[in-house]
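Visitor: Mind looking at a prediction? Sequence and model below.
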Amino acid sequence: MPKVIDHDQRRREIVEVSKRLIAEGGFEAATMRSIVTAAGFANGALKHYFAGKDGIIAATFESVLEETAERMSELDVGLAPVESLRGFVEAAMPLEPDRITSARVLLVLWGHSVANPDLARQYRELLTVWRGELTRRIGLAWSKQLDDPAVGVVADEIISVTIGANVASLMHPVGELVDRYTSYIDELMRRIAG
């Protein structure tokens, strides 16, 4: 009886290998040859799962974005508005080693997405959803309407600081900036709680 292969699982394994290679050595490290070798597949086996490197990179980018979205969606919506907002902001900040690794992969893929409209679109969609959820949570914490300009300004600040924090965390030893970022979140929550 022929061996049954879970193709979705194989695709996930390939994406995980791609993430690891990108995190360790940048975009150039994730060649088709290095992915095949690290995944333990025979040459040519990747063609059964992805048409080429662009397909693997797109799936890797999508996987990292989905991980971020999943962390944010798992938050307890039953919390008080300020605590709910805190959890949402913390989920996007590089406060844990796995998030710092994800940030490393995203940074590499951001550069690649400049020349790839599909990757750029995926990231814009995440930012749009993220901003919408931030404005909702800020509005609840402040008891303000979502279209209040102050709500949008704070949402944009949080997004900009979070992106900057993820980039800066890559230039320091893992975890070195966690205290700074935690202090920022504490101060932000004090401002919002008013």
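Guide: Received the coordinates, thanks.

Visitor: Going by C-alpha atoms from here, please, whenever you check contacts or count neighbours.
Guide: Noted.

Visitor: just the helices in the protein please.
Guide: Residue ranges of the helices in the chain, as given by DSSP state H, are 7-25, 32-39, 53-73, 81-92, 97-113, 117-142, 149-169, 178-193.

Visitor: could I get stretch 40-60 in CSV with only the CA atoms?
Guide: The C-alpha atoms that make up stretch 40-60 are tabulated as CSV, following Å, rounded to 0.1, in the frame of the first residue of the first chain:
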residue,chain,number,x,y,z
GLY,A,40,15.2,16.6,4.2
PHE,A,41,13.5,16.3,0.8
ALA,A,42,14.9,14.9,-2.4
ASN,A,43,15.8,17.4,-5.1
GLY,A,44,12.8,18.4,-7.1
ALA,A,45,10.4,17.4,-4.3
LEU,A,46,9.4,21.1,-3.6
LYS,A,47,7.8,21.3,-7.0
HIS,A,48,5.0,19.1,-5.7
TYR,A,49,4.2,21.7,-3.1
PHE,A,50,5.2,25.1,-4.5
ALA,A,51,5.8,26.3,-8.1
GLY,A,52,9.0,28.1,-7.1
LYS,A,53,10.8,30.2,-4.5
ASP,A,54,8.2,33.0,-4.9
GLY,A,55,5.5,30.7,-3.8
ILE,A,56,7.4,29.6,-0.8
ILE,A,57,8.3,33.2,0.1
ALA,A,58,4.6,34.2,-0.2
ALA,A,59,3.5,31.3,2.0
THR,A,60,6.2,32.2,4.5
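
Visitor: outside of that stretch, which residues touch it?
Guide: 7, 10-11, 14-16, 18-19, 31-33, 36, 109, 119 (CA atoms under 8 Å, 6 or more residues apart in numbering).

Visitor: And the pLDDT at residue 135?
Guide: With respect to pLDDT, residue 135 scores 93.

Visitor: ok, now which ones touch residue 168?
Guide: Counting by CA under 8 Å, 6+ apart, residue 168 has no contacts.

Visitor: Relative to residue 37, how far out is it?
Guide: Distance from residue 168 to residue 37, counting by CA to CA, to the nearest Å: 32 Å.

Visitor: Could you do residue 147 as well?
Guide: From residue 147 to residue 37 the distance is 52 Å (CA to CA).

Visitor: Check residue 49 too.
Guide: From residue 49 to residue 37 the distance is 15 Å (CA to CA).

Visitor: With residue 62 instead?
Guide: Residue 62 is 23 Å from residue 37, by CA to CA.

Visitor: Looking at those two, which is more packed in?
Guide: The neighbour comparison of residue 62 against residue 37 (other CA atoms under 10 Å) goes to residue 62, with 18 against 13.

Visitor: Leaving out sequence neighbours, find the closest residue to that one.
Guide: residue 122 (7.3 Å; CA to CA, 6 or more residues apart in numbering).

Visitor: same check, this time on residue 64
Guide: Excluding the flanking residues, the one nearest residue 64 by CA to CA, 6+ apart is residue 102, at 6.3 Å.

Visitor: Just give the number of residues close to the one you found.
Guide: Number of residues near residue 102 (other CA under 10 Å) recorded here: 22.
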